[in-house]
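> Any chance you can model this:
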Amino acid sequence: MKITAVSVRVRAGIGLVSAASTSLELMRASAQEQTAQEQTIACEKIPAAVRTAFQDAYPQATIRGCAKEVKKGKTAYEISGTEGKIGRDVLFYEDGTPIVIEETIDIADLPEAVRKAWNERFAAHAVELVERVMRDTR
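Got it, this is the predicted structure:
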């Protein structure tokens, strides 16, 4: 998958904050709203093409959970896994084509401009999660 867009999300007690390049944008969406579209399923029900695509891309990862949802009118499957300290959620179409990859990162790995903007606007809020979100926008 060729990555043509990358953004960073920082979730804190104030909601979800997105950082794209050097700007921060507060998004009005709670974690509950985001996951309301997902249906947790047994990983054995994930199509073989999806499981193979995940295992080929991340052979050292441990699968922690699976979900099913509809994305752009198509059934999509998400596999959540961990590899060392990295948490990863990958959303695939049924044929194993990846749609979105979300990886946890350390706040120290954010670009300096993003960390500066965060500290200027939201320093009083504790960071719960920092993710790199990669999408194939072709």
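> Just the element for the residue nearest the centre of the chain, please.
In the chain, the centroid-proximal residue (Cα atoms, centre = their mean) is Glu102; its distance is 2.4 Å. Here Glu102 sits within strand 98-104, counting by DSSP states H and E.
> For the helix or strand hosting Asn119, name the packing helices and strands.
For Asn119, the host element (DSSP H and E) is helix 112-122. Contacts defined by 3 or more Cβ pairs under 8 Å, 6 or more residues apart in numbering; DSSP states H and E place helix 112-122 against strand 5-12, strand 15-20, strand 23-27. Every residue, glycine included, has its C-beta placed from N, CA and C.
> elements contacting the helix or strand that comes right after it?
Using DSSP H and E, the helix or strand that follows helix 112-122 in sequence is strand 127-135. With contacts taken as 3+ Cβ pairs under 8 Å, 6+ apart, strand 127-135 sits against strand 5-12, strand 98-104.
> tell me, which of the ones you listed is the model least confident about?
Comparing mean pLDDT across the helices and strands packed on strand 127-135, the weakest is strand 5-12, with a mean of 59.
> quick one on the thing from earlier: what is the three-state secondary structure of the spatially closest residue to the residue nearest to the centre of the chain that is not a sequence neighbour?
Spatial nearest neighbour of Glu102, excluding adjacent residues (Cβ to Cβ, 6 or more residues apart in numbering): Asp89 at 4.5 Å. Three-state assignment for Asp89 (DSSP: H, G, I helix; E, B strand; the rest coil): strand.
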